[in-house]
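**Q** how does the following fold in three dimensions:
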Amino acid sequence: MFSHMSEHMSENVQTAMFEILKKVQADLTSFRVETNDRFALLEDLVRKQRRDTAGLLVMAKSVTGNFAEELAAIEERVRVLEARGR
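**A** Next up, the predicted model:
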């Protein structure tokens, strides 16, 4: 009688362990999918940030280029005025 109960308990433990392992496996699969989705989102954000930063750099270079040209023109005008005054 005890050996029959022992076998039954052993089967119950094995079944419970199998169910637990299946649950752990399902949780890991779900976690992996969620992690991949989050990394994909982060990659998209980084790509957008790089694009936006590149755009800002182009705009900044344009602005500083214009400023440098205007400053050079003002310096030339000052040089001409100073030369007249001598």
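
**Q** would you map the helices across the protein?
**A** Using DSSP state H, the helices of the chain run over residues 2-85.

**Q** what pLDDT does Ser10 get?
**A** As predicted, Ser10 sits at a pLDDT of 88.

**Q** swap that for Glu7, please
**A** 79.

**Q** give me the number of residues near it?
**A** For Glu7, the tally of surrounding residues (other C-beta atoms under 10 Å) stands at 10. Using the backbone N, CA and C atoms, a C-beta is placed for each residue, glycine as well.

**Q** and Leu41, by the same measure?
**A** 10.

**Q** same question for Asn36.
**A** 10.

**Q** what of Ser6?
**A** Neighbour count of Ser6, defined by other C-beta under 10 Å: 10.

**Q** tell me how far it lies from Glu76.
**A** 103 Å (C-beta to C-beta, to the nearest Å).

**Q** so how many other residues sit close to Ser10?
**A** Neighbours around Ser10, by other C-beta under 10 Å: 10.

**Q** and the one 3 residues further on, by the same measure?
**A** When counting by other C-beta under 10 Å, one arrives at 10 neighbours for Val13.

**Q** could you do Ile74 as well?
**A** 10.

**Q** contact partners for it?
**A** Taking C-beta atoms under 8 Å, 6 or more residues apart in numbering, we find Ile74 in contact with no residue.

**Q** for it, give me the pLDDT.
**A** Looking at Ile74, its pLDDT stands at 96.

**Q** for it, give its distance to Ser62.
**A** 19 Å.

**Q** kindly report the same for Val46.
**A** Using C-beta to C-beta, Val46 is found at 25 Å from Ser62.
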